[in-house]
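Visitor: One predicted model, sequence on top.
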Amino acid sequence: MLPDGFAWQCITGTAGHGRLDALALRQYEVARVTDRIDGGWLALLHYPDGRRVVRHCTSYEAGRAGCEAWAARHEAALRAHIERKQLEWLACQTWRGEDSVQARRQLEARPD
């Protein structure tokens, strides 16, 4: 059910250890399942427009399933947002030479 390229990882990224609570696309977190103090669960959804939405979950598994369904519904917007973030990052990496120049050109050509 998880779209291609999306994967569960530790909240500390690929270097961390522990439960796979963060749903990421190309190492950028788009959603997370976290436990509440009272023993419940929350899903934190990171929309491409910058909104952060919290949803209560009945269980850890339900939270993960909900995050996966949400990612599938918003897949196109999430992919476009992450691609733009990667281009912006690469455009700032001037030591990368031609790759940085190409990223800046792609950003300039984008309508959004």
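Guide: Received the coordinates, thanks. Numbering: from 1, shown residues only.

Visitor: From here on, just use CA atoms for contacts and neighbour counts.
Guide: Noted.

Visitor: mind listing the helices in this structure by residue range?
Guide: 60-73, 75-92, 98-109 (DSSP state H).

Visitor: So which elements touch the shortest one?
Guide: Counting contacts by 3 or more C-alpha pairs under 8 Å, 6 or more residues apart in numbering; DSSP states H and E, helix 98-109 is packed against helix 75-92.

Visitor: got the buried residues for the helix it packs on?
Guide: Residues of helix 75-92 classed as buried: 75, 78-79, 82, 84, 87-88, 90-91 (neighbour count, 16 or more other C-alpha atoms under 10 Å).

Visitor: per-residue confidence for Thr14?
Guide: Note for Thr14: predicted pLDDT of 67.

Visitor: let's number from 326 now, not from 1
Guide: With the count now opening at 326, the last piece we talked about shows up as Thr339.

Visitor: Leu327 - nearest residue in space that isn't next to it in sequence?
Guide: Among residues not flanking Leu327 along the chain, Glu393 sits closest, at 5.6 Å (C-alpha to C-alpha, 6 or more residues apart in numbering).

Visitor: right, and that neighbour touches Trp333 too?
Guide: No. With contact defined as C-alpha atoms under 8 Å, Glu393 does not count as touching Trp333 (9.6 Å).

Visitor: between the two, what contacts are shared?
Guide: Counting by C-alpha atoms under 8 Å, 6 or more residues apart in numbering, the shared contacts of Glu393 and Trp333 are Leu348.

Visitor: can you list the weak-confidence ranges in the protein?
Guide: Within the chain, the stretches with pLDDT under 70 are 338-340, 437.

Visitor: rerun at 50
Guide: Across the chain, nothing is flagged by pLDDT under 50.

Visitor: if we can go back for a sec, and of the buried residues of helix 400-417, the nearest to Arg351?
Guide: Ile407 (7.7 Å; C-alpha to C-alpha).

Visitor: pretty sure that closest one is touching Tyr353, no?
Guide: Yes. Judged on C-alpha under 8 Å, Ile407 makes contact with Tyr353 at a distance of 7.1 Å.

Visitor: for this structure, what's the longest strand?
Guide: strand 353-360 (DSSP state E).

Visitor: Adjacent strands (with direction) for that one?
Guide: strand 347-350 (antiparallel), strand 366-371 (antiparallel) (DSSP bridges).
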